[in-house]
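In: quick one: sequence and predicted model below, then my questions.
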Amino acid sequence: MLRSAGGLGASVMAIVLSRWTPNSRVGRTMLTAVACYGVAMIVFAYSRNLWLSIAALAAAGAFDMVSVVIRRGLVQLNTPDAMRGRVTSIESVSSVRRVNSDRSNPERPRNCSARCSASHSAGRHARRRRHVGSRLPCPANQQSPR
């Protein structure tokens, strides 16, 4: 239930935004949405009630959808025509990588920290994976004594 609450809130907000798009004061709208997202995450962090937690996650998903719609629209409108495809593809790859780097990476072992998850995502075919920003090898690649 908790995992689907954010998606449900985002889906409802996507339907609302398809009818009423933010046309004026988009900067203020985006900053308000980001602030409300933060408040919803704080409410979720301190909540001890299941239904309040579900509502907070749904609200966070809804506010995140508002900021995503505005951000994607601004990128499309402010990018020169010759560069629009390249910028959009890089943005979509980076957002997919950000979402999938920790949750659904089959190459990432469970005892590997989230910090070295980025190195697993970036170099799946590399022989020696290392922690990002450190000189120690990833503990998942160390051989266990037999």
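Out: Yep, it's here. Numbering: from 1, shown residues only.

In: residues making contact with the host helix or strand of Ala14?
Out: Per DSSP states H and E, Ala14 falls inside helix 2-19. Helix 2-19 has contacts (C-beta atoms under 8 Å, 6 or more residues apart in numbering) with 53-55, 57-66, 69. (Glycine included, C-beta is placed from N, CA and C.)

In: against Ala58, how distant is Trp20?
Out: 19 Å (C-beta to C-beta, to the nearest Å).

In: and these two? which has more neighbours close in?
Out: For Trp20 and Ala58, the more surrounded residue by other C-beta atoms under 10 Å is Ala58, and the numbers stand at 21 against 7.

In: what about the more buried one, which helix or strand?
Out: Using DSSP H and E, Ala58 sits within helix 50-78.

In: what's that helix packed up against?
Out: Using 3 or more C-beta pairs under 8 Å, 6 or more residues apart in numbering; DSSP states H and E, the elements in contact with helix 50-78 are helix 2-19, helix 26-46, helix 84-100.

In: list the buried residues of the first one.
Out: For helix 2-19, burial by neighbour count (16 or more other C-beta atoms under 10 Å) applies to Ala5, Gly6, Gly9, Ala10, Met13, Leu17.

In: quick check: mean pLDDT across that helix?
Out: The pLDDT scores in helix 2-19 average 92.

In: report the angle between the axes of that helix and helix 26-46?
Out: Helix 2-19 runs at 160 degrees relative to helix 26-46, counting by axes from the mean of the first three to the mean of the last three C-alpha atoms, to 10 degrees.
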